[in-house]
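Visitor: This is a predicted model, with the sequence first.
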Amino acid sequence: MRKNSYVYILTNKNNTVLYTGVTTDIKRRVYEHKQKIVEGFTKKYNISKLVYFEIFEDPYRAIEREKQIKGGSRQKKLDLINKTNKEFKDLYDGLF
């Protein structure tokens, strides 16, 4: 059985910082960000709110998409989020 891959965007409480990542276990990975388990950018800037994600069957396409999103402007990221989550609600609790 093949695992899905996920590209996701997180932000902080005030929606001022955006972080894009890729994972095969989105619930676990976002939990790690929320609990500040891993040192790095998200811990330093209190980034813990899941505001956007995409699901991929092919991990290579997910990595490709992550690079595409990361390479885009802040406005392009905001446009992606606004298409499905205008209120910037935390989507974590609604994950499967």
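Guide: Good, I have the coordinates. Quick caveat: nothing in here was measured; it's all calculated off a predicted structure.

Visitor: For the rest of this, base every contact and every neighbour count on C-alpha atoms.
Guide: Will do.

Visitor: Relative to residue 77, how far out is the residue lying closest to residue 17 once chain neighbours are set aside?
Guide: What sits nearest to residue 17 in space, not counting adjacent residues and going by C-alpha to C-alpha, 6 or more residues apart in numbering, is residue 11, at 5.4 Å. Distance, residue 11 to residue 77, using C-alpha to C-alpha, to the nearest Å: 11 Å.

Visitor: May I see the buried residues of the longest helix anywhere in the chain?
Guide: When the chain is parsed with DSSP state H, its longest helix is helix 59-71. Neighbour counts over helix 59-71 (16 or more other C-alpha atoms under 10 Å) mark 59, 62-63, 65-66, 69-70 as buried.

Visitor: residues near residue 82, how many?
Guide: Residues near residue 82, counting by other C-alpha atoms under 10 Å, number 14.

Visitor: May I ask which helix or strand encompasses it?
Guide: If you go by DSSP states H and E, residue 82 is part of helix 74-84.

Visitor: Let me see the residues that make contact with that helix.
Guide: Identification of contacts with helix 74-84 by C-alpha atoms under 8 Å, 6 or more residues apart in numbering yields 18, 51-52, 69, 88.

Visitor: where in the protein is pLDDT low?
Guide: Applying pLDDT under 70 to the chain picks out residues 1.

Visitor: Is it possible to get a markdown table of the contacts of helix 74-84 that adds distance to residue 34 and secondary structure?
Guide: Shown next, in a markdown table, are these (distance: C-alpha to C-alpha, whole Å; DSSP: H, G, I helix; E, B strand; the rest coil):
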| residue | distance to residue 34 | secondary structure |
| --- | --- | --- |
| 18 | 14 | strand |
| 51 | 13 | strand |
| 52 | 15 | strand |
| 69 | 22 | helix |
| 88 | 16 | coil |
